[in-house]
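Q: Next one to model:
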Amino acid sequence: MKNRLIYSFAFFTILTFNSCGLFGNDSSECDEKLIKQTKKIDELSEKLSDSENELQYRNKLDSLAQTFSKNTKIEQSIKPVKDITLPRTNIERYDVFGDFSVQNKSINIFIPVTDENLKIKSFTNISSSNVNAILIRVSNNSDAETKKTPITHVIEAKFKFDDFNISSARLNQDKKLKVMVLNENTRDISTQTTYYKKCIESVNRYEKLDCRLPTIKPFKPNEDGGDIITGG
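A: Residues are numbered from 1 along each chain as shown. Predicted coordinates for the structure are as follows:
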C-alpha cells in the first residue's frame, strides 16, 4: 500500500514535469509545483519498510520518469573506455566530446566517467542570448564523490534538438555547443541550473570550463565538467 501511494505521487510529479515542459521551463509556478511533489515523495519514502532500500526506491522513480516523460526517447549506454576511441589521451572526467547535425537535428554526446554506475538522469537548455549551451545531470544515486582518475567508462547518449528546445538556426550559425555535465544526486537542481545560466550569460563566449560550479552545500556530490562540441 505504501509503495502504491508513493508511485501515485511519483506519477503525478512526472505529469507536472511534462505540463511545465520538462526541465526547460523557468516558470516559478512550475518550480513550486515540482518542489511540493518532490517533498511529498521524499516524505513518503522515509516511511518505507526496511526491506525496501533507498537505492531500489530511487531506481524505481527513475524508471517511472523514463516511462512517462517526453525525454525518454534518448538512447544512452555505457561502455568500457577501451571500446571507445577517445579524442585525446589526456582526457579527464566529464570532458564531454561528440557532435551535432543540423540536418538530422541530433546531438551525439560522449561523457568520460570513473564510475560505471553513472547514468543520465535529466537535462536542460541553459543557452544565453549568444551561446548555445546544455546541462546534463548524471548520477549513480549516491552522495559519494567519484574518483577523478582513471577514466574507466564512457556514457554515450543520443539526443534530438527538440529534447532541449534548442535553435537549429543558432547551432548552424555558431557551429558550437557548450555541454556542461553535473553529477548531482538531488532531483531538484534549480539552484545549479540558475548558476550555470547566469554564468554563461555573463561570460558570453565559448570556453571549455569558464562556468565550473562552486561548492554548494548541502548538494552532493556536486561534481561538474564539460567541453565544447562542434557540428553543422
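Q: Give the partner strands of the biggest strand by length in the chain in its sheet and their orientations.
A: Identified as the longest strand of the chain according to DSSP state E is strand 221-231. Here strand 221-231 has these sheet partners by DSSP bridges: strand 97-101 (parallel), strand 176-184 (antiparallel).
Q: Report the mean confidence score over that strand.
A: Strand 221-231 comes out with an average pLDDT of 94.
Q: Quick check: buried residues in it?
A: In terms of neighbour count (16 or more other CB atoms under 10 Å), strand 221-231 has its buried residues at P221, N222, E223, D224, G225, G226, D227, I228, I229, G231. Bear in mind the C-beta positions are built from the backbone N, C-alpha and C, glycine included.
Q: With stretch 122-136 instead?
A: Buried residues in stretch 122-136 (16+ other CB under 10 Å): 122-128, 131-136.
Q: What is the burial count for S77?
A: The number of residues packed near S77 is 10, by other CB atoms under 10 Å.
Q: so it bridges to which residues?
A: E156.
Q: pLDDT wise, what is it at?
A: The model's pLDDT for S77 equals 96.
Q: That one and E156 touch, don't they?
A: Yes: the pair S77 / E156 is scored as a contact, 5.3 Å apart, by CB atoms under 8 Å.
Q: L177: what's it in contact with?
A: Taking CB atoms under 8 Å, 6 or more residues apart in numbering, we find L177 in contact with F100, I107, N132, A133, I134, L171, I228, I229, T230, G231.
Q: Show me the domain layout of this structure.
A: Split into domains by automatic domain parsing, the chain comes to 1-73, 74-232.
Q: Check those domains for me: which has the lowest mean pLDDT.
A: Looking at the domains of the chain, the bottom one is domain 1-73 with a mean of 46.
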